[in-house]
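Novice: Prediction below, plus the sequence it came from.
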Amino acid sequence: MGWREPLFLTNDDGIDAAGLHRLIQILHQRGHPLAVLAPARQQSASAMRLSLKHKLEFRDRNDLVETLKLDHDGPPIEIFSLDGTPCDCAIVAIDRGFESWAGLIRPQLCISGINHGPNISIDVIHSGTVSAAREAALYGLPGIALSLGTYLHEDYTIANDAILTLVDRALSIASDEPTNLMRTRGSKHRPWSDEQMNMDERIREAFRSGDIILNLNIPHEWNGVVETVPLGARWYHGATTSSSDNAGFIVGAASIEDEPLPKTDCSGLMAGHVVISPLATWPQTHPLNVPDVILHAALDEDGEGYPAWLV
């Protein structure tokens, strides 16, 4: 039928979240077969939590095809929810095998989002959105996390062009069949370690292998600028308040302070830019963690502000 590349979609705001629905619509309309597995309920700030030893209800949600007014003659789509965390969703989707629940869809890329609220700086540690993309990457499926970096509105049409451009560029270097899915070669598969390759190709191999992921944030109002930047520094003050009955505590910052560090995701987002940050998938001392020289080179941007190696 001439469909475009198949994708796996998930999020942390839940299967009924407007951001996920918008992502489904714009990607399905462009011709991408979609395998969607998202949490049944809101799972924000769940980080990489797993629901160990719990029965997780797996529910068909293809009713959303009608709700979202998707083209029945369009590309294949399977939509399910899982009563678990974002990482649970990524693990079940991949480890169970897409062929067992998503028909003939064999995704080349995981896209997590579109989250309501920013995932910048230290947020990337707590974020379920980023963690779902990272979990997919741990299993060898390249990952991208997407967030609308404001709570003041839920207009997920802002910067759709930037999202689609990043997805297209990521797919342009992705493999038709992910070469590292399920990590069958363990830590022996380190294609980016070949210092004879040029740096751009080493970064591409790290992304294809799932050892680097991409994190994109959309500003409150987009001025058309895109930047590829490192993480900035933000601090949450007044992080706890007493509950109304004084019997416990509520976690949630009273104020947020972004340090004025230039050319970071914090400063760029506040300036109205779409910001893209390459992130390491693995802990620093893990044998598959890419060297700092590759991560720093991954920040090089082209004339349009996108990662220069995505060509």
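Specialist: Yep, it's here.

Novice: Please make it C-alpha for all contacts and neighbour counts, starting now.
Specialist: Fine.

Novice: For Met1, report the pLDDT, please.
Specialist: Looking at Met1, its pLDDT stands at 64.

Novice: One more: the one 4 residues further on?
Specialist: What the model reports for Glu5 is a pLDDT of 98.

Novice: Repeat that for Ala297.
Specialist: Listed pLDDT for Ala297 reads 98.

Novice: ok, and what's touching stretch 44-52?
Specialist: 12-13, 84-88, 125-132, 135 (Cα atoms under 8 Å, 6 or more residues apart in numbering).

Novice: What is the most widely separated pair among those residues?
Specialist: Gly84 and Ile125 (18.7 Å; Cα to Cα).

Novice: What is the burial count for the residue nearest to Asp302 when sequence neighbours are not counted?
Specialist: Spatial nearest neighbour of Asp302, chain neighbours left out: Ala308 (4.5 Å); criterion: Cα to Cα, 6 or more residues apart in numbering. Using other Cα atoms under 10 Å, Ala308 has 16 other residues around it.

Novice: swap in Met199?
Specialist: For Met199, using other Cα under 10 Å, the count is 17.

Novice: so who does it touch?
Specialist: 294, 297.

Novice: Let's see that with 10 Å instead.
Specialist: Listed by Cα atoms under 10 Å, 6 or more residues apart in numbering, the contact set of Met199 reads 192, 205, 293-294, 297-298, 309.

Novice: Pairing partners for whichever strand or helix holds Asn217, with directions?
Specialist: Secondary structure assigned from DSSP states H and E places Asn217 in strand 212-218. Next to strand 212-218 in the sheet, as set by DSSP bridges, lie strand 143-148 (parallel), strand 274-280 (antiparallel).

Novice: right, and the helix or strand after that strand?
Specialist: Counting by DSSP H and E, what follows strand 212-218 is strand 226-228.

Novice: Sheet partners, orientation included, of that next one?
Specialist: Going by DSSP bridges, the partners of strand 226-228 are strand 274-280 (parallel).

Novice: Number of residues surrounding Leu104?
Specialist: Neighbours around Leu104, by other Cα under 10 Å: 15.

Novice: do Pro230 as well
Specialist: Based on other Cα under 10 Å, the number of other residues close to Pro230 is 20.

Novice: so how far is Leu50 from the closest residue to it other than its chain neighbours?
Specialist: Once flanking residues are discounted, Pro230 sits nearest to Thr264: 5.2 Å by Cα to Cα, 6+ apart. Distance of Thr264 to Leu50, given as Cα to Cα, to the nearest Å: 31 Å.

Novice: if you count what's nearby, which of those two comes out ahead?
Specialist: Between Thr264 and Leu50, counted using other Cα under 10 Å, the more crowded position is Thr264 (22 against 15).

Novice: In contact with the more buried one, which residues?
Specialist: 120-121, 227-233, 275-277.

Novice: Quick check: the farthest pair among the residues you listed?
Specialist: Those two in these that are separated most widely, counting by Cα to Cα, are Glu227 and Ala233, at 16.8 Å.

Novice: Compare those two and say which is more crowded by neighbours.
Specialist: Neighbours were counted for Glu227 and for Ala233 using other Cα under 10 Å; Glu227 has more, 25 against 17.

Novice: So for the closest residue to that one other than its chain neighbours, what's the pLDDT?
Specialist: In space, and not counting its chain neighbours, Glu227 is closest to Gly305: 4.5 Å by Cα to Cα, 6+ apart. At Gly305, the model reports a pLDDT of 98.

Novice: I'd say Gly305 and Val274 touch.
Specialist: Yes: with contacts counted by Cα atoms under 10 Å, Gly305 reaches Val274, the gap being 9.1 Å.

Novice: Find the residues that touch each one of the two.
Specialist: Common neighbours of Gly305 and Val274 (Cα under 10 Å, 6+ apart) are 225-228.

Novice: Show me the beta-bridge partners of the most centrally placed residue in the chain.
Specialist: Centroid-nearest residue in the chain: Ala145, 1.8 Å away (criterion: Cα atoms, centre = their mean). Taking DSSP bridges as the rule, Ala145 bridges to Ser112, Asn215.

Novice: Return the residues in contact with it.
Specialist: Ala145 touches 10-11, 110-115, 119, 124, 127-134, 213-217, 276-277, counting by Cα under 10 Å, 6+ apart.

Novice: ok, now with 6 Å
Specialist: Counting by Cα atoms under 6 Å, 6 or more residues apart in numbering, Ala145 touches 111-112, 130, 133, 215.

Novice: any idea how far it lies from Ser112?
Specialist: Taken as Cα to Cα, the span from Ala145 to Ser112 is 5 Å.

Novice: Give the residues shared as contacts by the two.
Specialist: With Cα under 6 Å, 6+ apart as the test, Ala145 and Ser112 both reach Ala133.

Novice: how many other residues sit next to Val293?
Specialist: Val293, neighbours per other Cα under 10 Å, totals 10.
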